[in-house]
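A.B. asks: Quick one: sequence and predicted model below, then my questions.
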Amino acid sequence: MKKRKWSILAMMAAIMMLMLAACNSSTTNNNASTGNNNNGGGGGGETGTVNIGYSGPLSGPAAYYGERTLNGVKMAAEEINNSGGFEVNGKTYKLNIVSLDDKYLPNETAANAKRLVQEHQTPIIFTPHSGGVMALQVFNQTDNFIIAAYTSEPKITQTGNKLTVRIPPRYDGYIPTFTDYAMKRFGKKLAALPTATQYGKDWTEKLLPYWEKQGGEVVYKSSIDFTKDTDFFTIVTNALKEKPDVLFIGGPSEPTAKVAKQARELGFKGGFIIMDQAKLDEMQRTIGSYEILEGSIGVMPLIHSDQPGAPEFAEKYRTKFNAEASSESGYNYLALYAFVEAMKAAGTVDDPMAIREHLNEGLKNIPKEKQVYVVPSVGDDGGFESEIVVAAVENGKVVPIELIDK
Amino acid sequence: MELFIQQLLNGLTVGSVYSLVALGLTLVYGILHIPNFAHGALYMMGGYVTLTAMTKAGLPYGLAVVVSMAAVGMLGVLMERLVFYPLRDAPPLHDKIAAIGILLFLEAFAQFVWGADYQTMPTPYGDVVSIFGLTLTVQRILIIASAVIIMILLYLFLKKTFIGASIIAMAQNREGANLVGINTNKVAMLTFFLSGSLAALAASLASPINLVFPGMGHLVILKAFVIIILGGMGSIPGAIVGGYILGFSESLGATYVSNDYKDIIAFAILVIILTVKPNGLFAKEGR
């Protein structure tokens, strides 16, 4: 009997490992039907194909997030192909998105990238998580491909990697405005309950010192593991007993919304600072109304945005995927347009260095109606220098908030 | 004091969910000695079936839960017939591998059918109830009350009905049960049905306070295994008591020790209990 118990414990350990690794087969998914990897050479007239790589979570808990980032890339590619492709040096090219599943695991991202470069000669690989980006940065300069990084982690552009492009704004840009707004409207006591991921920790480590520097007080600090907790009442009860004026929450939109809702159920009357991973509109759809989120400050939801290309993009996305667009898809959509324009400007589709060097031109040449976000330039470090758009919930409505300079 | 009672209530809520999940797991283990790793997937299917019955068929919450219990119960039976029954003479390892296979299959199936996104289960019982400074929602009271009622019903069923007694008989001695004329096939199917139904009930009760998504089974399954080891493999009172021990240790541990260490506290309790009673709290004697 005793033996059996230990063997079962051992089995459980094995199971956990299996769960982590999930099923280890990658799925290749070629969207366009064209099979010829006619990447290089000149020769006018005929149509060539440029393969664009994507490696992100397409199965497992983060699959939904992965799908949304991929949708943006796919949508841009489809539009470009449907309008007859694009012309570089007198030759017309079409785009082919090759997507691989990495289950959110950096080691898988690296393996996928090797495969993408060797099998499909992809000059650009999109990846939507900081861990994957860091794994790729180890070899992307030697293997010669651009990482199109969808992550707001500032670290990835501080390593001096010449072929990394960070698509969304750095998250530390939000902190002064968030702090200022929440402190003025609600008060100086903050309780932090972000998601228990590396990203959540990094955010917290930036926000809390700033909050204290502005004269605020951090009364409670912990984190919520959304992969393990069935119920958030316990932790929220503990946070609220310190009588905070503001709660800092974050993680995927839907569970974050549940945290906000449970805080209100427990009688919390203050405001929320919402990490950029969660989006106000998605949270509202989960819990039914903006009333619960009154006083929240977060990233401007794409569907409420007044940027030039945003309304049209939101509409197209709704028809195509029968879902609301989010910034994940919007930014990746924009990025592919920028890369295509950069290829045109550089006069090459297979020299990543030249493409990267012409990215500033590329950004400028994006047609106005495709500018879901306005990105005037890309920094030397590879970060898109976009205007941050912040919004808050006031009287049940999402209103834009002026940025404060710091 | 108020905080203490509030946290007791919070612990009671999660403990109820854990107990229901662990009960199904322990029933199957008791009869067939299979650690059913796919039990978390049954929990997840329960959440989805209830949600679909509510949103697509427009059934009221209560009815949707019953439909879901029946459907996932049948899924359990199907699992037994198609997978575990043909493996009855195979080495025990094969059952375990098969269970993992079912787990992976069901998760991929759910993602294929319902998509990978988080879905919200609406509940008619979302109102907040405050008594003496304590806060509960009606849904939480419902969780606690239905868990207790189901546990009592299950107990009565097992102890007072003939068919229930045959489950116990088979758990105690499979050959003996066979010799006295108990149809072990039927009992195995019935056990899987009960196990699936309990998982579906737990998921349907817990989903309105969390979300429905393909990975939701992971939230409870590891804890359910801890519970049945702690309570004694195959023991029904063990699963119930173990569930509440884990629920309370999480909520009180998070309050009075540290939220970051609450899982460690739960596992420390497991180690202590196993040191004192190596077979778990309610292990059957004489085996």
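C.D. replies: Perfect, I can see it now. Treat the numbers as computed from the prediction; the structure is a model and nothing was measured.
A.B. asks: where in the stretch 1-150 of chain A is pLDDT low?
C.D. replies: Counting by pLDDT under 70, the stretch 1-150 of chain A shows low-confidence ranges at A:1-45.
A.B. asks: Quick one: the helices in it, in order.
C.D. replies: Listed in chain order, the helices of the stretch 1-150 of chain A (DSSP state H, counting those that start in this stretch) span residues A:2-21, A:63-82, A:106-120, A:130-137, A:140-143.
A.B. asks: Look up how far chain A lies from B:T26.
C.D. replies: As judged by C-beta to the nearest C-beta, to the nearest Å, B:T26 and chain A stand 12 Å apart. For glycine as for every other residue, the C-beta is placed from the backbone atoms N, C-alpha and C.
A.B. asks: let me fix that: B:G115
C.D. replies: Applying C-beta to the nearest C-beta, the value for B:G115 to chain A is 7 Å.
A.B. asks: Would you map the strands across the stretch 101-250 of chain A?
C.D. replies: Assigned strands in the stretch 101-250 of chain A, in chain order: A:124-127, A:146-149, A:164-166, A:189-193, A:217-221, A:246-249 (criterion: DSSP state E, counting those that start in this stretch).
A.B. asks: In the fourth one, which residues are buried?
C.D. replies: Buried positions in strand A:189-193, judged by neighbour count with 16 or more other C-beta atoms under 10 Å in any protein chain shown: A:189-193.
A.B. asks: which of these lies closest to chain B?
C.D. replies: Using C-beta to the nearest C-beta, A:L193 is the member of the buried residues of strand A:189-193 that sits closest to chain B, with 9.2 Å.
A.B. asks: my read: the closest one touches A:A239, true?
C.D. replies: Yes. Proximity of A:L193 to A:A239 meets the contact threshold set by C-beta atoms under 8 Å, at 5.7 Å.
A.B. asks: tell me, what's touching those two both at once?
C.D. replies: Shared between the contact lists of A:L193 and A:A239 (criterion: C-beta atoms under 8 Å, 6 or more residues apart in numbering or on different chains) are residues A:220, A:222, A:247.
A.B. asks: In contact with the first one, which residues?
C.D. replies: Residues in contact with A:Y220 (C-beta under 8 Å, 6+ apart) are A:191-193, A:238-239, A:242, A:244.
A.B. asks: please redo it, this time with the cut-off set to 10 Å
C.D. replies: Residues near A:Y220 by C-beta atoms under 10 Å, 6 or more residues apart in numbering or on different chains: A:189-193, A:235, A:238-244, A:247-248, B:259.
A.B. asks: Next one: the nearest residue to A:G187 once chain neighbours are set aside from A:G216, what distance?
C.D. replies: For A:G187, ignoring the flanking residues on the chain, the nearest one in space by C-beta to C-beta, 6 or more residues apart in numbering or on different chains is A:D245 at 3.0 Å. Counting by C-beta to C-beta, to the nearest Å, the separation of A:D245 from A:G216 is 9 Å.
A.B. asks: Next: A:S130.
C.D. replies: Taking C-beta to C-beta as the measure, A:S130 falls 27 Å from A:G216.
A.B. asks: Hmm, B:L8 and B:L252 touching each other?
C.D. replies: Yes. Counting by C-beta atoms under 10 Å, B:L252 does reach B:L8; the two are 7.5 Å apart.
A.B. asks: Could you tell me which residues touch both of those two?
C.D. replies: Counting by C-beta under 10 Å, 6+ apart, B:L252 and B:L8 have no shared contacts at all.
A.B. asks: Which of the helices or strands spans B:S130?
C.D. replies: Secondary structure assigned from DSSP states H and E places B:S130 in strand B:128-131.
A.B. asks: The helix or strand following that strand and chain A, are they touching?
C.D. replies: Next in sequence after strand B:128-131, counting helices and strands by DSSP H and E, comes strand B:134-137. Yes. Counting by C-beta under 10 Å from any C-beta of the partner chain, chain A is contacted by strand B:134-137 at B:135-137.
A.B. asks: can you redo the residues you listed as TSV with pLDDT, distance to B:A147 and neighbour count?
C.D. replies: Rendered in TSV, the data for the residues of strand B:134-137 next to chain A read as follows (pLDDT from 0 to 100; distance: C-beta to C-beta, whole Å; neighbours: other C-beta atoms under 10 Å in any protein chain shown):
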residue	pLDDT	distance to B:A147	neighbour count
B:T135	83	19	19
B:L136	83	14	23
B:T137	88	15	22
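A.B. asks: nearest to B:M121, of those residues?
C.D. replies: Sorting these by how near they are to B:M121, with C-beta to C-beta, puts B:T137 at the top with 13.7 Å.
A.B. asks: my read: the closest one touches B:N10, true?
C.D. replies: No. Under the contact definition of C-beta under 10 Å, B:T137 does not touch B:N10, with a separation of 11.5 Å.
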